[in-house]
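# any chance you could fold what I've pasted below:
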Amino acid sequence: MPCRPATCLAALLVSAAQATGAGAAPPPPVEQASANPDPSNGVAAADPLILADDALQGRRLFEAQMYLDRLAADPRPEALLLRAELALLRGRPHEALALLARPGADSTPVCRTGAAAAMALLQVGRAEQASARSEALDSRCSADPFHWRTRGRISYARRDIPGALAAFRQALALQPSDPGIENDLAVSLIAAGDAEQAAGMLTELLRQAPEASDVSLNLDFANAMRGIEPVRRPQDDDQMWSIRLEMAGQGARQARRIKLAESLLARALLNRPRHDDALWQQYAEVAGRDD
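Just a heads-up that it's a prediction; the model follows:
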């Protein structure tokens with residue numbers, strides 16, 4: 001199953017920047033430029049709560065923080081929910097749980113609050129509680145795609161791949177053509193051993209968004225399971241190329257293409273700008289093996 005670097009679903013909050021990590025708590029996702037950064041053009045007149053929510057949905061975390069700072073004295077419980085979601089995106093699940101435990105937080109939208117709480121529980125290692133919290137909302141949130149996406153992520157983290165596939169398919173049925181859900185489903189297909197279908201989905205996603213590094217890395221993994229090596233792109237520096245080779249090596253290894261895995265991981269080592277013990281360990285586990 002896709003594992004390290006932390007660019008796949010197991011890391012829950014994925015971004016291109018996380019690819020350089022070693023599987024620890026995920027750092028903040030890469031910031032995207034604000035589509036409307038100039039407060040003089042009318043944005044300042046809008047409700048900061050709505051603007052913060054929009055920034056969070058776009059993973060524009062600095063922008064979201066700016067608007068939430070304006071809401072420091074705002075009594076609306078929705079502000080607590082947005083702060084908790086921001087904490088989750090920044091890899092601070094304990095902070096998120098504390099915010100969601102404050103008075104008034106339970107009066108926020110049930111499905112969205114439940115999803116945030118479940119993800120926070122999962123990130124602090126309380127997977128069973130996360131699953132129970134999410135499952136309890138199945139009936140009430142049956143028409144909410146975000147609920148089913150959260151259920152899928154929890155199932156994936158618990159290695160319940162059939163459950164993850166079912167939940168992501170339900171989410172996609174409710175919200176067709178959502179690239180995030182499609183990527184999550186593709187990663188679960190990889191874990192189920194269906195690299196062919198996963199590669200088809202990821203290829204189409206990458207065609208629509210060529211700069212989506214998480215999708216690109218997942219595709220490298222799936223293709224290597226099929227015996228297809230990655231091709232270096234002009235925009236790949238040595239670090240990114242090494243990471244792509246590493247992900248492909250993991251995919252080849254999962255499909256028991258050991259010689260291909262050894263070759264890919266060796267090239268990943270040669271291109272890695274700095275010494276990486278974990279990458280060396282991966283290489284040592286396949287070097288010289290014939291199975």
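# ranges for the helices of the stretch 51-200 of the chain?
Secondary structure of the stretch 51-200 of the chain (DSSP state H, counting those that start in this stretch): helices at 61-69, 77-89, 93-100, 110-123, 127-135, 145-157, 161-174, 179-191, 195-208.
# need these in TSV (columns: mean neighbour count).
C-beta coordinates here come from the backbone N, C-alpha and C atoms, glycine included. Listed next are those as TSV, based on neighbours: other CB atoms under 10 Å:
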stretch	mean neighbour count
helix 61-69	18
helix 77-89	23
helix 93-100	20
helix 110-123	23
helix 127-135	18
helix 145-157	24
helix 161-174	19
helix 179-191	24
helix 195-208	18
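# tell me how many other residues crowd residue 221.
32 (other CB atoms under 10 Å).
# and for residue 274?
There are 7 residues near residue 274, going by other CB under 10 Å.
# and the residue lying closest to residue 170 once chain neighbours are set aside, what pLDDT?
The spatially closest residue to residue 170, leaving aside those adjacent along the chain, is residue 148, at 4.4 Å (CB to CB, 6 or more residues apart in numbering). If you check residue 148, the pLDDT there is 96.
# and if you look at residue 46?
81.
# give me the neighbour count for it.
Close neighbours of residue 46, defined as other CB under 10 Å, add up to 13.
# equivalent analysis for residue 252, please.
Residue 252 has 27 neighbours, counted by other CB under 10 Å.
# quick check: phi and psi on it?
Phi and psi for residue 252, reported as degrees, to the nearest 10, are phi -60, psi -40.
# I'd assumed residue 165 was in contact with the residue nearest to residue 170.
No. Under the criterion of CB atoms under 8 Å, residue 148 is not in contact with residue 165, lying 11.4 Å apart.
# where does this structure have low pLDDT?
Along the chain, segments meeting pLDDT under 70 span 1-45, 290-291.
# care to break it down by domain?
Domains of the chain are assigned by automatic domain parsing as 1-192, 201-291.
# now do stretch 102-121: distance to the chain's middle.
20 Å (CA atoms, centre = their mean, to the nearest Å).
# and for it, what's in contact with it?
For stretch 102-121, contacts defined as CB atoms under 8 Å, 6 or more residues apart in numbering pick out 12, 75, 77-78, 80-81, 84-85, 88, 93-94, 96-97, 99-100, 127, 129-131, 133-134, 136-137, 140-141, 144, 146-147, 150, 153-154.
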